[in-house]
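Participant: Curious how this folds, go ahead:
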Amino acid sequence: MTVLLGIDLGERRIGVATADTTTGAIKPLLTLRRGTLQQDAAAISRICTERRADAIVVGLPLSLDGGESEQTGRTRDWAANIEPVVGLPLTLRDERLTSVDAEARMGRAPRGHSGGPPSTKTRNAWRARIDREAAAAILQRELDVRSQSEVPR
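Facilitator: Below you'll find the predicted structure:
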């Protein structure tokens, strides 16, 4: 069995999910608040140890046409700095539209008590859940790629 830790890296938050490559089970896990690179690395390392992860899959934010952007470069830099600290193999996986897909699955953010906009707390909790769901979608893409590469031709 191989346990993968999926990461949806954002500017403010990090969505985290796990996947079992044997069963294909994927579980949105938690959302971390971004800190310094050292804080992020320590948190990811701790989660990898707790979950007995064998590898990390980080979502790579490519533009819709498949090109790279500033955020793509920042994500590559973050991943390159995290990998040696965590000490596990790290893969970058295209994450285009994973957050949009997560929002579509979950629906709109809940309304406030009087039918108005949600409170800041409710909105932040909803966004954190979107991040976890996006991390799960990144892992699903990774499992799909792995299963396609195992199909005999």
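Participant: mind listing the helices for the protein?
Facilitator: Ranges of helices in the chain, per DSSP state H, are 37-51, 70-86, 98-106, 120-150.
Participant: winner for burial among those?
Facilitator: helix 120-150 (a mean of 18; mean count of other Cβ atoms under 10 Å). Every C-beta, even on glycine, is put in place using the N, C-alpha and C of the backbone.
Participant: What is it packed up against?
Facilitator: Here helix 120-150 touches strand 3-9, strand 13-20, strand 26-33, strand 55-60, strand 90-94, helix 98-106, going by 3 or more Cβ pairs under 8 Å, 6 or more residues apart in numbering; DSSP states H and E.
Participant: Dump the ones you listed to TSV, plus distance to Ile44.
Facilitator: Formatted as TSV, these follow (distance: least, Cβ to Cβ, whole Å):
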stretch	distance to Ile44
strand 3-9	7
strand 13-20	8
strand 26-33	8
strand 55-60	7
strand 90-94	10
helix 98-106	18
